[in-house]
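Q: the sequence and its predicted three-dimensional model are supplied below.
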Amino acid sequence: MTTIDTSKIDAYMQTDYCVGPAHAPFVLRIGVHSKELERLYQDTGQNCALFITAFNPFGTQQSDEANLAAHERLGAHLRALTKFVIEGEGVDPGRQWPAERSFLVIGIDRDTASLLGQRAHQDAVVWAGPDAVPELLLLR
């Protein structure tokens, strides 16, 4: 059970989760195996990952200043947990919602991913396990 509106869930499912601008940017999609993520697992010796934003808590648009401040706080917290943090952004392919700066964090287990998403006041986060298939974790 969730209290999140189905239209929001649909939007989250359709979002392009863009990882980069590192040397080899790529896009994560819910339910689609990612060879690039699998390679990151091999390169880092990890087997799970979190894609998270601090922008627009609970899907409510905030000012640029509030979003950037939240992004910086989240980034500092994530970098204190692991060295495997890559900048990214969530992009609505229909361009109806502004892109949200985000992070891909390698080596974050499912439970920690949920806790971090709740701490960032998000409806959901994207998590992938050893199979490198991103899934949407609903948090409310």
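A: That came through fine.
Q: show me where this structure has its strands.
A: Per DSSP state E, the chain carries strands over the ranges 16-19, 26-28, 49-53, 85-91, 100-106, 124-128, 135-138.
Q: export those strands as TSV, with columns for mean pLDDT, mean neighbour count and distance to Q61.
A: In short, each C-beta sits where N, CA and C put it, glycine included. Formatted as TSV, the strands of the chain follow (pLDDT from 0 to 100; neighbours: other CB atoms under 10 Å; distance: least, CB to CB, whole Å):
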stretch	mean pLDDT	mean neighbour count	distance to Q61
strand 16-19	96	20	19
strand 26-28	96	19	23
strand 49-53	98	26	13
strand 85-91	95	20	13
strand 100-106	97	23	10
strand 124-128	98	25	17
strand 135-138	97	17	20
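Q: how about those in a markdown table, adding distance to T112?
A: Below are those laid out as a markdown table (distance: least, CB to CB, whole Å):
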| stretch | distance to T112 |
| --- | --- |
| strand 16-19 | 18 |
| strand 26-28 | 18 |
| strand 49-53 | 8 |
| strand 85-91 | 14 |
| strand 100-106 | 9 |
| strand 124-128 | 9 |
| strand 135-138 | 11 |
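Q: tell me which of those strands lies nearest to E36.
A: strand 26-28 (3.9 Å; CB to CB).
Q: residues touching the residue positioned nearest the centre of the chain, list them.
A: By CA atoms, centre = their mean, the chain has its centre lying nearest to F51, at 2.2 Å. Taking CB atoms under 8 Å, 6 or more residues apart in numbering, we find F51 in contact with 17, 19, 28, 88, 90, 102-105, 125-127, 134.
Q: for the residues you listed, which one is nearest T2?
A: V125 (13.5 Å).
Q: and the helices in the protein, which stretches?
A: Taking DSSP state H to define them, one finds helices in the chain at 6-14, 35-44, 64-81, 110-119.
Q: hang on, the earlier thing: which one of the strands of the chain lies closest to D10?
A: Closest among the strands of the chain, using CB to CB: strand 135-138, at 10.4 Å.
Q: what comes up buried for stretch 38-54?
A: E38, L40, Y41, Q46, N47, C48, A49, L50, F51, I52, T53, A54 (16 or more other CB atoms under 10 Å).
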